[in-house]
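>>> My questions are about this predicted structure, shown below with the sequence.
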Amino acid sequence: MLLELLVTLIVIVALVIMFAHVPVDLKVLVESGEFNQFLKKMFDLIIGIGLLKMLCRHDLDSIVEVLLFSVAREMIIEHMPIYFELVGIIAIAILFLVRKYLFVAALDKADGDET
């Protein structure tokens, strides 16, 4: 438990440091027009916040959410061949199917109450 709190604190500090660079990144975006670099940093922030939520809540829903954001980031930011994009779409579809049909929230909450 103490190690998890330490990791969570480190993630919070890293997110604050990353978020402090957003205004500078916006200025660079306006000056140079590199929107892709700005998107990379914003997705990293979103994934970091999702990871922080996953570390704090300990439920399956937050894990699926972090995986969804990670796959979506790779698909949007990286310019990959079309068959890699198809694999990403299939991965997102599988994650949505797992979230909709295989994830039972009552069981996850019952497991969280015992620990």
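Arrived safely.
>>> Show me which parts of stretch 16-28 are buried, residue by residue.
Using 16 or more other Cβ atoms under 10 Å as the test for burial, stretch 16-28 gives Asp25. For every residue, glycine as well, the C-beta is placed using N, CA and C.
>>> what mean pLDDT does it have?
In this model, stretch 16-28 has an average pLDDT of 80.
>>> what sits up against it?
Glu34, Gln37, Phe38, Lys41, Met42, Asp44, Leu45, Gly48 (Cβ atoms under 8 Å, 6 or more residues apart in numbering).
>>> filter the residues you listed to the buried ones?
For the contacts of stretch 16-28, buried by 16+ other Cβ under 10 Å: Phe38, Leu45, Gly48.
>>> my guess is the second one contacts Ala14, does it?
No. Under the contact definition of Cβ atoms under 8 Å, Leu45 does not touch Ala14, with a separation of 9.8 Å.
>>> Just the ones of the contacts of stretch 16-28 in helices?
Among the contacts of stretch 16-28, the members found in helices (DSSP state H) are Gln37, Phe38, Lys41, Met42, Asp44, Leu45, Gly48.
>>> Got the confidence number for Ile76?
Ile76 is given a pLDDT of 82.
>>> Is the closest residue to Ile46 other than its chain neighbours part of a helix or strand, or is it coil?
Leaving aside its sequence neighbours, Ile46 sits nearest to Phe69 (Cβ to Cβ, 6 or more residues apart in numbering; 5.7 Å). When classified by DSSP: H, G, I helix; E, B strand; the rest coil, Phe69 comes out as helix.
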